[in-house]
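*Asks:* Could you look at this predicted model? Sequence included:
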Amino acid sequence: MPIKIEAVQKNGVCIIGSGDVTGEDLYQSNLKIYSNHELINKYNYQIINFLDVESLNISYEMIEKITAQDKEAYSINPNIKMVCVTDKENIFNLMKMWESFVSAESFETKVVRSLEEAYDWLKVTPD
């Protein structure tokens, strides 16, 4: 799977993508992260690091499914902030679509072009 999940400090989680990522990869990653409600309550933020992703193959329908997962997690812990990092224009635009879906009724979200910008927005320092 081209996605790896890592804990960040004690209160965050990072999804790290590489190569070719699909909507199903993201969906399955969310299932792993969101399967433990106790852990969801411990997280303050989630970083989606797509700097090494070459392509993102995701349908409108899959973005809606992932948004539904995020909204369910939001009902458990509404304090999580989510930031997606990519420097590729096409992936940036897809993630902005996700951001528009999820931020209307869910987490505070942001799509940025560097990890430094992500950490600044989250107001945390990297490990």
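*Replies:* Perfect, I can see it now. Residues are numbered from 1 along each chain as shown.
*Asks:* Name the nearest residue to the most centrally placed residue in the chain, ignoring sequence neighbours.
*Replies:* To find the centre residue of the chain, average its C-alpha atoms and take the closest one (C-alpha atoms, centre = their mean): that gives Ile48, at 4.0 Å. The shortest distance from Ile48 to any non-neighbouring residue, by C-beta to C-beta, 6 or more residues apart in numbering, is to Cys84 (4.2 Å). All C-beta atoms are positioned from the backbone trio N, CA, C, and that covers glycine.
*Asks:* Ser18 now?
*Replies:* Across the structure, with C-beta to C-beta, 6+ apart as the measure, the residue nearest Ser18 apart from its sequence neighbours is Asp52 (4.1 Å).
*Asks:* Let me see the contact set for the one you found.
*Replies:* Listed by C-beta atoms under 8 Å, 6 or more residues apart in numbering, the contact set of Asp52 reads 16-19.
*Asks:* Ile76 now?
*Replies:* Contact analysis of Ile76 by C-beta under 8 Å, 6+ apart lists 37, 40-41.
*Asks:* Also Ile91?
*Replies:* When contacts are taken as C-beta under 8 Å, 6+ apart, Ile91 is in contact with 50, 53, 55-56.
*Asks:* let's see it at 10 Å
*Replies:* With contacts defined as C-beta atoms under 10 Å, 6 or more residues apart in numbering, the neighbours of Ile91 are 17, 21, 50-51, 53-56, 58, 84-85, 111.
*Asks:* and of those residues, the nearest to Gln28?
*Replies:* The shortest gap between Gln28 and any of the contacts of Ile91 belongs to Val21, at 10.9 Å (C-beta to C-beta).
*Asks:* For the closest one, grab phi and psi.
*Replies:* Here the main-chain torsion angles of Val21 (degrees, to the nearest 10) amount to phi -110, psi 140.
*Asks:* Check Glu116 too.
*Replies:* As for Glu116, its main-chain torsions (degrees, to the nearest 10) stand at phi -60, psi -40.
*Asks:* Let me see the contact set for it.
*Replies:* Neighbour list for Glu116: 85, 126 [criterion: C-beta under 10 Å, 6+ apart].
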